[in-house]
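> Sequence and predicted structure below; questions after.
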Amino acid sequence: MKKVSILAFIVCTLLITACGSNGSEFVGYWVGYWRNSQEERIFFEITHYKDNQYFVEPLSKSVRGLKLTAIYKDGMLEMEGEMEGEKLVLDKKTGTINDIYGKGGFTKSSPKEFAAFRRIVDVHFFINGIMFAQWRQNGTAGVSRRYASTDGSTGRPAAAEILEIARSGFRPDPNVAFAITVAPDGETYIVIAGHTDKGSPVYVGGTLEGILNGVPYDANFRPPANIKLPATLHTYTCSDDHCSKVTQGPARTYTGPTGVGHDGAAKMK
């Protein structure tokens, strides 16, 4: 019986070792930078498909739904399709993934950490959506600027203003509260937004130099003297896919910044 037990143990050990070296160590959530670009911070999930094949699915809103196939070979995942020729190499000592072409570094994340990171990225994408719609609404150079706002400066309800940029492609997210305020000269605006989950960092974007792509509303950010950041934010919802009507949600508030970066940014209450 002992010989049988020992033999069974050896067989099981070999099977486990084989399974552990077929790429299963890649499975999970990963976050990091693609090609070491600060503007291309991404997050994705790797799942097993069959045999030595895996799915690599970017989960940023801008590319959501894209699912790439990767083959496990010689300790690496070789991706096909949109990123043909790209290879991800797992460093077993550090638990990180490196892109051998762009040298981008990716770290495995727990579901909780991943959810928090995803909220940050979603707010960035959301702010960029507003800014693109504002730009489209203003039309060509030489046309008098009129940015949509939620501060009452136009004399119209905030929901009506949001409907204007919805016609230029923007869609509100019921999980993101925000406000848009425009300077008296009409040449500058700031959008401030945060995920509705309590404790989520708050970000700002707009036409000011240095915040074009959205930055944390932290101790380093100083709005210009002619712009006062709104104390309350709101969510908005569209009535249908065409956003025929926009409805404003309840007011949300946020704390002031306590330091620098994500951790020191203003937080949603």
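Thanks, I have the structure now.

> Summarise which helices and strands the helix or strand containing E78 is packed against.
Secondary structure from DSSP states H and E places E78 in strand 76-79. Applying 3 or more CB pairs under 8 Å, 6 or more residues apart in numbering; DSSP states H and E, we find strand 76-79 packed against strand 53-58, strand 68-73, strand 87-91. All C-beta atoms are positioned from the backbone trio N, CA, C, and that covers glycine.

> Please identify the pairing partners of the shortest one and their relative orientation?
Looking at strand 87-91 with DSSP bridges, its partner strands are strand 76-79 (antiparallel), strand 96-99 (antiparallel).

> so how far is it from its chain's centroid?
Taking CA atoms, centre = their mean, to the nearest Å, one finds strand 87-91 lying 23 Å from the centre of the chain it belongs to.

> List the buried residues of it.
K87, L88, L90 (16 or more other CB atoms under 10 Å).

> Can I get those residues in TSV including pLDDT and distance to P111?
Shown next, in TSV, are the buried residues of strand 87-91 (pLDDT from 0 to 100; distance: CB to CB, whole Å):
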residue	pLDDT	distance to P111
K87	79	26
L88	81	20
L90	81	19
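
> Next, the most centrally placed residue in the chain: secondary structure please.
For the chain, the residue nearest the mean C-alpha position is V121 (1.6 Å; CA atoms, centre = their mean). Per DSSP: H, G, I helix; E, B strand; the rest coil, the secondary structure class of V121 is helix.

> quick one: it and P58 touch, right?
No: at 10.7 Å, V121 does not count as touching P58 under the criterion of CB atoms under 8 Å.

> Determine the residues that are contacts of both of these two.
Here V121 and P58 have I42, F43 as joint contacts, going by CB atoms under 8 Å, 6 or more residues apart in numbering.

> Please, where are all the strands along the protein?
In the chain, the strands defined using DSSP state E lie at 28-33, 41-50, 53-58, 68-73, 76-79, 87-91, 96-99, 105-109, 176-182, 189-195, 202-206, 215-216, 232-238, 246-253.

> Dump the buried residues of strand 87-91 to a markdown table, plus distance to Y217.
Listed next are the buried residues of strand 87-91 as a markdown table, based on distance: CB to CB, whole Å:
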| residue | distance to Y217 |
| --- | --- |
| K87 | 38 |
| L88 | 34 |
| L90 | 36 |
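
> nearest to A148, of these?
Using CB to CB, L88 comes nearest to A148 of the buried residues of strand 87-91, at 41.5 Å.

> ok, and the closest non-adjacent residue to the closest one?
Leaving aside its chain neighbours, L88 sits nearest to L77 (4.5 Å; criterion: CB to CB, 6 or more residues apart in numbering).

> F117 too?
Excluding the flanking residues, the one nearest F117 by CB to CB, 6+ apart is V31, at 5.2 Å.

> what about that neighbour, neighbour count?
For V31, the tally of surrounding residues (other CB atoms under 10 Å) stands at 20.
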